[in-house]
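Asks: Need a 3D model of the following:
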Amino acid sequence: MMLETRIEAARARTLAWLASMQAPGEPRGVSRISAAHDAARWPGMLLPGTYNAVMCADLLGGLEADRPAMLAWFERFREPGGEFRIAGMQAADIFKKPDLAETWRYIDWHVTNYTLGAIQALAPEHAPRLDFARPYLEEQKLLAWLARRDLRDPWQEGNNIVNLGSFLLAMDDPRAADALAEMFAWHDRLQDPDTGFWGVGQAGDPVRKLHAFAGSMHNFHLYYALGRTLPYQDRAVDYVLSLPPQVDSACIDVDAIDLLVHAHRQIDHRRAEIERWCATLLQALLDWQEPDGGFCDVRTGTRRQDGWVRGYAEPQGVSNTFATWFRWIGIAMAADLLMPGRWAWRFRRLVGIGYRAW
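Replies: Okay, the predicted model is just below:
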């Protein structure tokens, strides 16, 4: 089957699967995470189920939703400061960063960034409410927060950085440019010139290097969004091309394709190899699609999401909106690299996973 035909067929199957995830009794567009998600028992988990489903359907050009009702539905999850939180999460059930406030900040910012992406897909004119992030416009507050970033854990910190950066980019405030300049100065001081990544102790440990790559790919989005030259981008490409072009986790696969696709456009470095690598992984991703039309993350184990340690969990190997959206970002970026302009993909406009700079 021709590649174009395969992609079209996969797209149609995914849109049908997304429609099947509609949550009973909720506005059109509210989605369960998976067939394993008991929405009556875990109603709060409709939030990640829905923001992933909305952004996936929007990417594929098939977003059908009751948009006014959906905007009102998302408001149910908004905290007083403007951030969004998964209802039902308790401190005893989530992972712990050095202190509880830092833990909630990490989870809430992550959930908020994705929720805002879904809201923007539904209503591009909707202005985000970012009161919770405005204290970081103050120089000392921001510098103190940056000083606490633990680059022994670069994957989580990459999420932290890109989430705050996304909020700053979305603010209508002249101080945001100064705050972003401070963030770039922090990056310039700490980037590893041998790899182009941020992360402590990556050189001799392949797992730590993989985590540094996965975290740094998030940081790269800030450079793309502002058109800044990304130092050592060729080194980052070299690392990804050293990985086998085969299906890994939904996160790793989209990170790798995103990094290569942006580099292919921005620098003249190993472009033919990038195309071959992405073409191979693209075929593998299409092979990974489940019979129901969705995509799973990995095949075995237990899947948790967005901060849970105890509480909500479901089996791996099941199609879910998180993995389906992430895998379609990779498919769409690779397909557009190989067949530019063939599809009118709708990449996310807010910085973060799913964002493309053009």
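
Asks: Just read off the phi/psi values of residue 245.
Replies: Note on residue 245: backbone dihedrals following degrees, to the nearest 10 are phi -80, psi 70.

Asks: and it, how many neighbours?
Replies: Here the number of neighbours of residue 245 (other C-beta atoms under 10 Å) works out to 20. Glycine gets a C-beta too; all of them are placed from N, C-alpha and C.

Asks: what residues are up against it?
Replies: The contact partners of residue 245, taken as C-beta atoms under 8 Å, 6 or more residues apart in numbering, are 277, 278, 280, 281, 284.

Asks: give me that answer again for 10 Å
Replies: Residues counted as contacts of residue 245 (C-beta atoms under 10 Å, 6 or more residues apart in numbering) are 253, 256-257, 260, 276-284.

Asks: Which pair of those spans the longest distance?
Replies: Within the contacts of residue 245, 253 and 276 form the most distant pair, 16.2 Å apart (C-beta to C-beta).

Asks: what about stretch 70-81, distance to the chain center?
Replies: Centroid separation for stretch 70-81 versus its chain: 20 Å, with C-alpha atoms, centre = their mean, to the nearest Å.

Asks: Please enumerate the strands of this protein.
Replies: Assigned by DSSP state E, the chain shows strands spanning 302-303, 314-315.

Asks: what packs against the first one?
Replies: Put plainly, it is strand 302-303. In terms of contacts (3 or more C-beta pairs under 10 Å, 6 or more residues apart in numbering; DSSP states H and E), strand 302-303 is packed against strand 314-315.

Asks: Packing partners of the strand it packs on?
Replies: strand 302-303.

Asks: what's across from the residue nearest to residue 111 when sequence neighbours are not counted in the sheet?
Replies: Among residues not flanking residue 111 along the chain, residue 84 sits closest, at 5.2 Å (C-beta to C-beta, 6 or more residues apart in numbering). With DSSP bridges as the criterion, residue 84 is bridged to residue 78.

Asks: likewise the one 10 residues further on?
Replies: Counting by DSSP bridges, residue 94 is bridged to residue 308.

Asks: just the buried members of the contacts of residue 245?
Replies: Those of those that meet the buried threshold are 253, 256, 257, 260, 277, 278, 279, 281, 282, by 16 or more other C-beta atoms under 10 Å.

Asks: hmm, back to that, so which of the strands of the chain gets nearest residue 42?
Replies: Short answer: strand 314-315, nearest of the strands of the chain by C-beta to C-beta, at 9.5 Å.

Asks: Please, where are all the helices along the stretch 251-358 of the chain?
Replies: 271-288, 321-338 (DSSP state H, counting those that start in this stretch).

Asks: ok, residue 342 to residue 199 distance?
Replies: 36 Å (C-beta to C-beta, to the nearest Å).

Asks: of those two, who's got more company?
Replies: residue 199 (27 against 13).

Asks: now the more buried one, nearest residue through space, not along the chain?
Replies: residue 212 (3.0 Å).

Asks: pretty sure the one you found is touching residue 218, no?
Replies: No: using C-beta atoms under 10 Å, residue 212 is not in contact with residue 218, being 11.3 Å away.

Asks: Can you work out which residues contact both of these two?
Replies: 154, 155, 157, 158, 198.

Asks: List the buried residues in stretch 40-55.
Replies: Neighbour-count burial for stretch 40-55 [16+ other C-beta under 10 Å]: 42, 44-55.

Asks: Give me the neighbour count for residue 143.
Replies: 14.

Asks: quick one: low-confidence parts of the stretch 1-150 of the chain?
Replies: 1 (pLDDT under 70).

Asks: Now do the helices in it.
Replies: Under the criterion DSSP H, counting those that start in this stretch, the stretch 1-150 of the chain contains helices at 3-20, 46-59, 67-75, 100-122, 139-147.

Asks: Can you tell me which helices and strands the last one packs against?
Replies: This means helix 139-147. Using 3+ C-beta pairs under 10 Å, 6+ apart: helix 139-147 touches helix 154-170, helix 175-190.

Asks: how about a cut-off of 8 Å?
Replies: helix 175-190 (3 or more C-beta pairs under 8 Å, 6 or more residues apart in numbering; DSSP states H and E).

Asks: Now the helix it packs on: average pLDDT?
Replies: Helix 175-190 carries an average pLDDT of 97.

Asks: And it, what's buried?
Replies: Residues 176, 179, 180, 183, 186, 187 are the ones in helix 175-190 that count as buried (16+ other C-beta under 10 Å).

Asks: Return the closest of the residues you listed with respect to residue 208.
Replies: Proximity of the buried residues of helix 175-190 to residue 208 (C-beta to C-beta) peaks at residue 187, which lies at 18.8 Å.

Asks: Which stretch among the strands of the chain approaches residue 169 most closely?
Replies: strand 302-303 (30.3 Å).

Asks: what comes into contact with the closest one?
Replies: With C-beta under 8 Å, 6+ apart, strand 302-303 has contacts from 297, 313, 314, 315, 316, 318, 320.

Asks: re earlier: buried deepest among the helices of the stretch 1-150 of the chain, which one?
Replies: Neighbour counts (mean count of other C-beta atoms under 10 Å) averaged over each of these peak at helix 46-59, with a mean of 26.

Asks: can you give me the angle that one makes with helix 100-122?
Replies: Using axes from the mean of the first three to the mean of the last three C-alpha atoms, to 10 degrees, the inter-axis angle of helix 46-59 relative to helix 100-122 is 40 degrees.

Asks: could you give the angle of helix 46-59 to helix 3-20?
Replies: Using the same axes, to 10 degrees: helix 46-59 against helix 3-20 is 150 degrees.
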